[in-house]
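**Student:** using only what follows, build the 3D model:
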Amino acid sequence: MKRSCFGTLLVTALVVGGAGWWFRADLKGLWERHGEPVLVIGKGPPKPDPDRYEVLKEETERWRRNLGRRYREAGSGRGREAVIDEAAVFLETALPDLMRCWLGTPWDFNGHCETPGGGTIACGYFVATVLRDAGFRVDRYRLARQPSQNILRTFLPKNELSLRVGVPYETYAAELRGMDAGIRIVGLDTHVGFIVSRPDGFRFVHSSGSSPWCVVDEAEAEAEVLRRSNYRVQGNLTANRELVRKWLLGEKFTVVR
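**Tutor:** Purely as a prediction, here's the structure:
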């Protein structure tokens with residue numbers, strides 16, 4: 001498949017000499033530089049982009065394999081730790097761009113399409129499909145059908161989950177703004193999605209079972225589903241070094257049931 005301009009820009013942005021990549025300070029710039037504008041509630045949803053999604057999947061897999069090779073060749077110690085650092089930053093960059101290809105894809109409670117715009121998609125299937133297509137070896141069908149806490153526990157230990165029940169949204173949002181950058185899964189009363197935490201705040205990316213009934217990318221003030229939920233459990237995927245190592249090496253994640 002012909003590589004898009006994004007693929008070239010991604011490689012250019014990530015390679016810094018022979019040692020590796022730039023780190024988190026430029027994540028915001030890379031996020032805003034590529035793709036269509038984020039969805040603004042009240043306006044028409046953007047068109048899903050399956051072609052770009054396929055390019056991103058190819059690029060992500062290529063980088064995963066290259067990083068995995070470097071990790072194995074590093075032997076042990078600081079060399080491997082440096083590769084894990086680079087891999088975490090790569091995931092913090094690539095995952096949001098994969099998510100955004102789905103914007104505008106219609107939601108349905110039973111939706112399970114494989115590609116952006118290829119049908120309808122439920123919230124759990126959106127999360128599971130993006131992770132699978134980013135190179136996480138996981139059974140998306142089993143993962144998508146689990147309660148949100150089980151989805152989180154498939155990737156993270158219990159002590160790395162943060163549970164808030166009955167906390168006002170303003171308090172919860174302030175807590176999120178104070179946390180480290182990363183890609184989070186968040187489980188709500190009857191919903192699951194991604195939180196993309198950045199130095200300047202966070203965004204909630206999910207397949208929404210409320211208006212506008214599609215995959216959306218919402219800023220803090222727009223995230224009404226997140227605001228209304230009484231139950232919120234979340235964990236930072238890219239902060240867990242063992243998770244990143246397993247992704248690097250293509251190891252399987254067993255779905256917690």
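**Student:** strands of the stretch 101-250 of the chain, residue ranges please.
**Tutor:** 162-165, 182-187, 192-198, 201-207, 215-219, 231-236 (DSSP state E, counting those that start in this stretch).
**Student:** just the helices in this structure please.
**Tutor:** All helices of the chain, identified by DSSP state H, fall at 5-14, 27-33, 50-74, 78-100, 123-133, 140-144, 148-155, 169-177, 224-228, 241-249.
**Student:** those: lowest mean pLDDT?
**Tutor:** Mean pLDDT is lowest for helix 5-14 among the helices of the chain, at a mean of 40.
**Student:** hmm, residue 96 is touching residue 205, no?
**Tutor:** Yes. Contact criterion C-beta atoms under 8 Å: residue 96 and residue 205 qualify, at 7.1 Å. No exception for glycine: its C-beta is placed from N, CA and C like everyone else's.
**Student:** so which of these two has more stuff around it?
**Tutor:** The neighbour comparison of residue 96 against residue 205 (other C-beta atoms under 10 Å) goes to residue 205, with 27 against 22.
**Student:** how close does that one get to residue 246?
**Tutor:** Separation of residue 205 from residue 246 (C-beta to C-beta, to the nearest Å) stands at 23 Å.
**Student:** now swap in residue 140 and tell me
**Tutor:** 16 Å.
**Student:** more neighbours: these two, which one.
**Tutor:** residue 140 (20 against 16).
**Student:** how about the closest residue to that one other than its chain neighbours, what does it touch?
**Tutor:** Taking C-beta to C-beta, 6 or more residues apart in numbering, and ignoring the residues beside it in sequence, residue 140 has residue 128 as its nearest neighbour in space, at 4.0 Å. When contacts are counted by C-beta atoms under 8 Å, 6 or more residues apart in numbering, residue 128 is found next to 138, 140, 141, 143, 144, 151.
**Student:** repeat that for 7 Å
**Tutor:** For residue 128, the contacting residues are 140, 143, 144, by C-beta atoms under 7 Å, 6 or more residues apart in numbering.
**Student:** among these, which one sits closest to residue 210?
**Tutor:** residue 144 (19.1 Å; C-beta to C-beta).
**Student:** next, the contact list for the closest one, please.
**Tutor:** So residue 144 contacts 124, 125, 128 (C-beta under 7 Å, 6+ apart).
**Student:** and the residue nearest the centre of the chain, how close does it get to residue 171?
**Tutor:** What sits nearest the mean C-alpha location of the chain, by C-alpha atoms, centre = their mean, is residue 95, with 4.3 Å. Distance from residue 95 to residue 171, counting by C-beta to C-beta: 27 Å.
**Student:** and what of residue 247?
**Tutor:** 32 Å.
**Student:** between these two, tell me which one has more neighbours.
**Tutor:** Using other C-beta under 10 Å, the more surrounded residue of residue 247 and residue 171 is residue 247, with 27 against 9.
**Student:** isn't that one up against residue 137?
**Tutor:** No. Counting by C-beta atoms under 7 Å, residue 247 sits too far from residue 137 to count as a contact (8.3 Å).
**Student:** one step back: residue 48: which of the contacts of residue 144 is nearest?
**Tutor:** Nearest to residue 48 among those, with distances taken as C-beta to C-beta, is residue 125, at 14.3 Å.
**Student:** the closest one and residue 142, how far apart?
**Tutor:** 11 Å.
**Student:** look at those two and report which has more neighbours.
**Tutor:** residue 125 (24 against 15).
**Student:** related to what we said a few turns ago, adding distance to residue 118, write the contacts of residue 144 out as JSON lines.
**Tutor:** Shown next, in JSON lines, are the contacts of residue 144 (distance: C-beta to C-beta, whole Å):
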{"residue": "124", "distance to residue 118": "17"}
{"residue": "125", "distance to residue 118": "12"}
{"residue": "128", "distance to residue 118": "15"}
